[in-house]
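> Model the structure of this input:
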Amino acid sequence: MSSPASINEALKLGLQVNLGACGVLGLILNSIVIWVLMRKLKRSNTDIQICKFVAISDTLVSCGLLFRSIFTVYPYNILQVHPNWCKFDALITNQGINCSGIILGIMSIERFLLICYNIKLSIKFWLVLLISIIILCFSLLIVCIINDKQFLTQLEVSCSVKSIGGCYYGFLGTTIFFFAAFTTVVISYVGIMLFKVKQCLNQLNLNIPKDRVYLELRSTLLKSLSYILLYITVFSGKFYTLSYIIITGQNRTLAMDIWQQSLISWSPIANAVILLYMNNEVREAFTNHLKNLKLKVFNLNNY
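Numbering: from 1, shown residues only. Modelled structure (predicted):
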């Protein structure tokens, strides 16, 4: 019987560099988003509160990615040597990625209903839904970790839990939530894009020059499609891998693991971009903050 595939050092180093880059970029981007949400947008609007959950969860994930990139190298691979650190990685980084995706899915529904249909549900409804799902996901994982079901993946830079016994239901629940969140984000995103396209075309009835309307339309379509392709690309590896496991009943291959890990590590950046796209107020405050920072840096250089 052939031995299981093992990752070579060059590929592992590439994954570690990718993890480090994603961790740094995600931490910087989401820290700025949190600062904007906390300092410039202090109101307790439903969308602002959900945005805070998205940004905070992605900040924690970014820290987890940095943890993987550093401590699987220096002073040695602590995930391989110390099982408790493997539990930490599975709980914080792996489940953090899952939960941040779920929160983004909830935010997408909220934004879609508000923008396209002007339907605004109570903040209590969204918070109860969001917190209930997070508690359920973490509870199922904690049970598995308490029973030592965690293991170092074949990539040797991340940990997961075995989907056996009672842990299978945790895997099943997380998988269902992932597909639901992925589908929700894509559908909501496309819906908002079509709504914006309709708004552009309606300007033709206001005697606005066609050239100007079509220029705005092309810009809207280009930006929207670019963002949605970014999101789909980042989560395509996980989508394919989970589909493969469910359909075939076989374990993921090393190539699938590398593909999934390389792309999903960019989720904190992709989620932040989606957040900024879906919320004009947050995007404007974020852009203005960057402009102010640029002016301050420019003024300091002039002294």
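
> Mind giving me the packing neighbours of the biggest helix by length in the chain?
In the chain, taking DSSP state H as the definition, the longest helix is helix 210-248. Secondary-structure packing of helix 210-248 (3 or more CB pairs under 8 Å, 6 or more residues apart in numbering; DSSP states H and E): helix 167-202, helix 254-264, helix 267-278. Every residue, glycine included, has its C-beta placed from N, CA and C.

> Can I get these in JSON lines including distance to T248, mean neighbour count and mean pLDDT?
Output for the helices and strands packed on helix 210-248, formatted as JSON lines (distance: least, CB to CB, whole Å; neighbours: other CB atoms under 10 Å; pLDDT from 0 to 100):
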{"stretch": "helix 167-202", "distance to T248": "14", "mean neighbour count": "17", "mean pLDDT": "91"}
{"stretch": "helix 254-264", "distance to T248": "11", "mean neighbour count": "18", "mean pLDDT": "94"}
{"stretch": "helix 267-278", "distance to T248": "25", "mean neighbour count": "24", "mean pLDDT": "90"}
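
> Rebuild these as CSV, extending it with distance to V81.
Listed next are those as CSV, based on distance: least, CB to CB, whole Å:
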stretch, distance to V81
helix 167-202, 23
helix 254-264, 20
helix 267-278, 27
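
> Put the alpha carbons of the strand or helix carrying N299 into CSV.
Assigned by DSSP states H and E, N299 falls within helix 280-302. Listed next in CSV are the C-alpha coordinates belonging to helix 280-302 (Å, rounded to 0.1, in the frame of the first residue of the first chain):
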residue,chain,number,x,y,z
ASN,A,280,-21.2,52.9,1.3
GLU,A,281,-21.0,54.7,4.6
VAL,A,282,-18.2,52.5,5.9
ARG,A,283,-16.3,52.7,2.6
GLU,A,284,-16.5,56.5,2.5
ALA,A,285,-15.2,56.8,6.1
PHE,A,286,-12.5,54.3,5.3
THR,A,287,-11.4,56.2,2.2
ASN,A,288,-11.4,59.5,4.0
HIS,A,289,-9.3,58.1,6.9
LEU,A,290,-6.7,56.8,4.4
LYS,A,291,-6.6,60.2,2.7
ASN,A,292,-6.1,61.9,6.1
LEU,A,293,-3.3,59.5,6.9
LYS,A,294,-1.6,60.2,3.6
LEU,A,295,-1.8,63.9,4.2
LYS,A,296,-0.3,63.5,7.7
VAL,A,297,2.6,61.4,6.3
PHE,A,298,3.2,63.9,3.5
ASN,A,299,3.2,66.8,5.9
LEU,A,300,5.7,65.0,8.2
ASN,A,301,8.0,64.4,5.3
ASN,A,302,8.0,68.1,4.5
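
> Can you list the buried residues in it?
Across helix 280-302, burial judged by 16 or more other CB atoms under 10 Å covers 282-283, 285-286, 289.

> same question, stretch 240-254
Neighbour counts over stretch 240-254 (16+ other CB under 10 Å) mark 241-242, 245, 252 as buried.

> Now stretch 281-288: average pLDDT?
Stretch 281-288 shows a mean pLDDT of 89.

> Over to stretch 6-23?
Averaging pLDDT along stretch 6-23 gives 93.
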